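*Asks:* Quick one: sequence and predicted model below, then my questions.
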Amino acid sequence: MASHRAQRGAILFIALIVLVAMSLAGLALMRGVDTGALIASNLAFRQSATAAGDLGIEAGRGWLLSNSGSTLYTDIPGSAYYSTFQTNVDLVGGDATKTPFDWSTAASAGTDAAGNQVSYVIQRLCELPGDPTSVSCIRATGASSSSSGTKGAASYGGYAITAPAGAFYRITVRVTGPRNTVSFVQATVF
């Protein structure tokens, strides 16, 4: 009889150790699931902010289409349009050697359904203000040539279409969203 009493206490002790180990494993599992859910939600916010960047690109493109010609030869800061590269300005905040851009002066493209605030800046890719044909710019050159094919077909060395000469523009979009999400998108348009 004495041996049975000694064994009962040992089993209780082992059962308590197993219970504590299972509780710790359960807590670790819950923490891992929480971390995974947090990472997934942060990625969703980031993707939402990046997708909202299209709103800014289209707003900037629309602004360029409504303001053309000699209007674009000089800066229009109230519209967040700059006629030069602005090589000394840092738009995304990663270069300490340059002046950080003040995004409060950028043009607003509004807020999307997810709560992302979209703003944009347009820079003409030229070194100096002025007519893009007389200053150094990154630009498309007019291409025209007659083609030997029919219905607008092109052959090697010749183009069936003509393209007007003009400067390229860089539209930089900053999207700020929930949980301090910040995303930048850039597009170069002609």
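*Replies:* Received it, and whenever you're ready, just let me know what you need.
*Asks:* Quick one: name whatever helix or strand follows the helix or strand bottoming out on mean pLDDT in the chain.
*Replies:* Within the chain, no helix or strand scores below strand 139-140, which has a mean of 70 by mean pLDDT, DSSP states H and E. Downstream of strand 139-140, the first helix or strand assigned by DSSP states H and E is strand 166-167.
*Asks:* Indicate each strand paired with that next one and its parallel or antiparallel sense.
*Replies:* In the sheet, strand 166-167 lines up against strand 139-140 (antiparallel) (DSSP bridges).
*Asks:* Do I have it right that Phe85 meets Val135?
*Replies:* No - the pair Phe85 / Val135 is not scored as a contact, 11.2 Å apart, by C-beta atoms under 8 Å. The C-beta positions use only the backbone N, C-alpha and C, and glycine is treated the same way.
*Asks:* any common contacting residues for these two?
*Replies:* Shared contacts of Phe85 and Val135, defined by C-beta atoms under 8 Å, 6 or more residues apart in numbering, comprise 126-127.
*Asks:* which stretches of the protein form strands?
*Replies:* According to DSSP state E, the chain carries its strands in the segments 81-82, 89-90, 99-100, 107-111, 117-124, 139-140, 166-167, 169-177, 181-189.
*Asks:* Compare the mean pLDDT across those and name the weakest.
*Replies:* Mean pLDDT values for these show the minimum at strand 139-140, a mean of 70.
*Asks:* got any ranges where the protein has weak pLDDT?
*Replies:* Within the chain, the ranges that satisfy pLDDT under 70 run 1-8, 140-165.
*Asks:* again, only using 90
*Replies:* Across the chain, the ranges flagged by pLDDT under 90 are 1-15, 28-52, 68-71, 77-79, 85-87, 92-96, 113-115, 130-167, 177-183, 190.
*Asks:* List the contacts of Gly56.
*Replies:* Neighbours of Gly56 in contact, by C-beta under 8 Å, 6+ apart: 109, 118-120, 171, 173-175, 185.
*Asks:* Could you give the number of residues near the closest residue to it other than its chain neighbours?
*Replies:* Once flanking residues are discounted, Gly56 sits nearest to Val173: 3.2 Å by C-beta to C-beta, 6 or more residues apart in numbering. Close neighbours of Val173, defined as other C-beta atoms under 10 Å, add up to 28.
*Asks:* before we move on, what about Ala106?
*Replies:* 20.
*Asks:* Next: Gly130.
*Replies:* For Gly130, the count of nearby residues is 16 (other C-beta under 10 Å).
*Asks:* about what we covered before: turn the strands of the chain into JSON lines, columns for distance to Ile14.
*Replies:* As requested, those are arranged in JSON lines below (distance: least, C-beta to C-beta, whole Å):
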{"stretch": "strand 81-82", "distance to Ile14": "75"}
{"stretch": "strand 89-90", "distance to Ile14": "64"}
{"stretch": "strand 99-100", "distance to Ile14": "63"}
{"stretch": "strand 107-111", "distance to Ile14": "60"}
{"stretch": "strand 117-124", "distance to Ile14": "59"}
{"stretch": "strand 139-140", "distance to Ile14": "80"}
{"stretch": "strand 166-167", "distance to Ile14": "79"}
{"stretch": "strand 169-177", "distance to Ile14": "52"}
{"stretch": "strand 181-189", "distance to Ile14": "50"}
